[in-house]
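Undergrad: turn this into a structure:
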Amino acid sequence: MPKKQKTSSVYTRCNEYKDIFRVDDNVLFCNHCNISIDWKCKSTVDNHCKSQKHIFNVRSQEESQNKTQQLTLSSTQTVSESKNNLLKTGPRLLLIEVSENIR
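TA: Next comes the predicted model:
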């Protein structure tokens, strides 16, 4: 007895691959490669995910996100150090300004 094919829609196919694909006007798009994929056949979608181009694009985007996060962390540390220096020297500057206004 032949197997019944499970009915699938573009939205159910998209949900099978979280954060990899998006649906726009009933067309399945790869978020990493920015190309449309034929969603009706699961093997086509699987083959795209295994393709060298897709793997390269995923790695490139992950690396660029990591660099951005590192810069953000570095920037945060710089701001924190500046605030600490201001807190240390701030009272002295205020004291100097008050004493000059008294003279």
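
Undergrad: in the chain, which spans are strands?
TA: 21-24, 27-30, 36-37 (DSSP state E).

Undergrad: can you list the low-confidence ranges for this structure?
TA: Within the chain, the ranges that satisfy pLDDT under 70 run 1-7, 68-73, 75, 89-103.

Undergrad: hang on, the earlier thing: in TSV: the strands of the chain, plus distance to residue 57.
TA: Bear in mind the C-beta positions are built from the backbone N, C-alpha and C, glycine included. Shown next, in TSV, are the strands of the chain (distance: least, C-beta to C-beta, whole Å):
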stretch	distance to residue 57
strand 21-24	13
strand 27-30	8
strand 36-37	13
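
Undergrad: what would the ones you listed look like in CSV with distance to residue 83 and mean neighbour count?
TA: CSV is the format used below for the strands of the chain (distance: least, C-beta to C-beta, whole Å; neighbours: other C-beta atoms under 10 Å):
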stretch, distance to residue 83, mean neighbour count
strand 21-24, 40, 14
strand 27-30, 43, 18
strand 36-37, 49, 18
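
Undergrad: the ones you listed: which one's closest to residue 81?
TA: Set against residue 81 and scored by C-beta to C-beta, the strands of the chain come closest in strand 21-24, at 40.7 Å.

Undergrad: of the strands of the chain, which is nearest residue 84?
TA: That would be strand 21-24 among the strands of the chain, by C-beta to C-beta, at 43.7 Å.

Undergrad: that'll do, ta.
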